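Asks: sequence and predicted structure are below.
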Amino acid sequence: DNNNQDQWGQSDNKKDELWQGSDANAEKKQMDVEDGGGFKKEPEDTKTVVVGTPGPEHSVIKVTLKQKKLVIHHGGGEGLDFKTREKFYDYLRRNHNLKDDEHLVFDPNAELDQNEDDEVNFKEDNGELRTPCALIAERKPISIMIHHNGESAQLDSISMRDTIRKLKDDFRQKTKTEDIWHLSYNGRQIDEGTVGDYDIPDGATLYGYFNVLIRDNDCDLDTRVKIYPFNTVAQLIQRYIERAKRERHVNSMIEIGDSKFNTGDEGDKTMYQLRVNERSRIHYHSAGFEIRIQDGEQDGMPFTLEVHDKYDVKTVKTMYVNHLRQDIGKTDIQDDDFKFIFAGHELKDEDRLVKYSHLKLRAQSAFEVHYSERKVKMKYRCSSCGEIVGIGPYDPVRCSACGDRVVEKLRTKHAFKLRIKAR
């Protein structure tokens, strides 16, 4: 299925045409994340290495690398007399594994009287190396693409010290989008810390939320849901139920591509792991459930019917009429002789049950039967097939089972045949 290919590449810096939003007016409350599970790097223990013979305090150069801290005494030994910054860079690459994609910046928290002249970056040039100074090795500025709710923007010159919050602010400013609250990278939520905390590479793509279309073929119902890549299947179902204002019936199922998940047993797979994007095919299948029919004119306990959201009210009424005829012998009741009342609302014959889900229509819900004023019907027995039929004063005399026009009146002790000649 080409529609479910991986759209989450780390180095995709081109605008992805698949990300096209349809609803920018989301409510923040709906999109609050239950548990994104960020993966911010834990700080590593670093060791301090002293290089050179200690000399005057003003000759000290402190460098914080990824795995160690250097205290270099400028001029304190052979090869430690650096005339230019370029030579100092060469020394660090040659002896202390400074990478080509890393550069040095002045440490703003250092307790040194540095001579950086308000510089931030320790430029690699032929400029004079002045001491004392405290430096931090970090990756060079990168570019990042952000996709969110159909909007895309490339942010350039991103420093490893830039915070994730700043990325979101820059995206808001560039796209005039206000509802970006969370970002994800490689399927994991990132909200706190800096770009360097997450090892985000140059050209990476970060994602906000996106819209997926969930289709219920049985009920002919389409619903768009906003979801994040780090959300689980259970969270997707919950958002769908809330958005569609439906009830979650036991053993209902959601189908994502070739994967099927029963509600209540969805596991912990995420949208990222399932390669879900805005063009993914997602279908919801609602399971059947039992309702109770309360009929004040019939003796006994309420009658139980198994129904589905896809049934219309007329179908449920027909099922109840068949029960009255077959199990109780009530043959004088038709579908249009009564109406169902649920939660104070009259259910219309042409409506599917799913239309009343917002009234909390679920298992063990009770339908009340309200009979309309109808003509009194007498009971007759068909002389041909023996079926008991109800015939009103203005109804045609005809057996509803076989069509015969000869019926016998039941209320006489002796059979009285009512014969109607065909006109």
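Replies: Everything's here; your move.
Asks: make sure residue 161 is actually in contact with residue 142.
Replies: No. At 12.0 Å, residue 161 does not count as touching residue 142 under the criterion of CB atoms under 8 Å. (Each C-beta comes from the backbone N, C-alpha and C, glycine too.)
Asks: tell me which residues touch residue 345, please.
Replies: With CB atoms under 8 Å, 6 or more residues apart in numbering as the criterion, the residues that contact residue 345 are 356, 359.
Asks: and residue 196, its phi and psi?
Replies: phi -70, psi -30 (degrees, to the nearest 10).
Asks: look up the closest residue to it, ignoring the ones flanking it.
Replies: Using CB to CB, 6 or more residues apart in numbering and skipping the chain neighbours, the partner closest in space to residue 196 is residue 160 (3.3 Å).
Asks: doesn't that neighbour belong to a strand?
Replies: No. Using DSSP: H, G, I helix; E, B strand; the rest coil, the secondary structure at residue 160 is coil, not a strand.
Asks: residues touching it, list them.
Replies: So residue 160 contacts 138-139, 194-196 (CB under 8 Å, 6+ apart).
Asks: and it, what pLDDT?
Replies: If you check residue 160, the pLDDT there is 88.
Asks: start at 28, not 1
Replies: Sure, I'll start numbering at 28, so the last one becomes residue 187.
Asks: output the below-cut-off pLDDT ranges for the stretch 78-227 of the chain.
Replies: Applying pLDDT under 70 to the stretch 78-227 of the chain flags the ranges 139-146.
Asks: quick one: the helices in it?
Replies: With DSSP state H, counting those that start in this stretch, the ranges of helices along the stretch 78-227 of the chain come out as 112-123, 191-202.
Asks: determine the set of other helices and strands touching the last one.
Replies: The helices and strands touching helix 191-202, judged by 3 or more CB pairs under 8 Å, 6 or more residues apart in numbering; DSSP states H and E, are strand 169-175, strand 178-185, strand 210-212.
Asks: which stretches in the stretch 278-427 of the chain count as helices?
Replies: 340-350.
Asks: low-confidence ranges in it?
Replies: Residue ranges of the stretch 278-427 of the chain with pLDDT under 70: 327, 400-404, 420-421.
Asks: so residue 358 versus residue 132, what's the distance?
Replies: Computed with CB to CB, to the nearest Å, the distance linking residue 358 and residue 132 is 91 Å.
Asks: meant to ask about residue 317
Replies: Residue 317 is 68 Å from residue 132, by CB to CB.
Asks: between these two, which has more neighbouring residues?
Replies: Set side by side, residue 317 and residue 132 show more neighbours around residue 132, with 18 against 13, by other CB atoms under 10 Å.
Asks: got the contact list for the more buried one?
Replies: 147-149, 162-163, 165, 188.
Asks: who's it bridged to?
Replies: When assigned by DSSP bridges, residue 132 has beta-bridge partners residue 148, residue 163.
Asks: any figure for the gap between it and residue 314?
Replies: The value you get for residue 132 to residue 314, if CB to CB is used, is 59 Å.
Asks: and if you look at residue 171?
Replies: Applying CB to CB to residue 171 and residue 314 gives a distance of 44 Å.
Asks: the more surrounded of these two?
Replies: Ranked by neighbour count (other CB under 10 Å), residue 171 and residue 314 place residue 171 first, with 24 against 15.
Asks: now do stretch 160-168: distance to the chain's middle.
Replies: 39 Å (CA atoms, centre = their mean, to the nearest Å).
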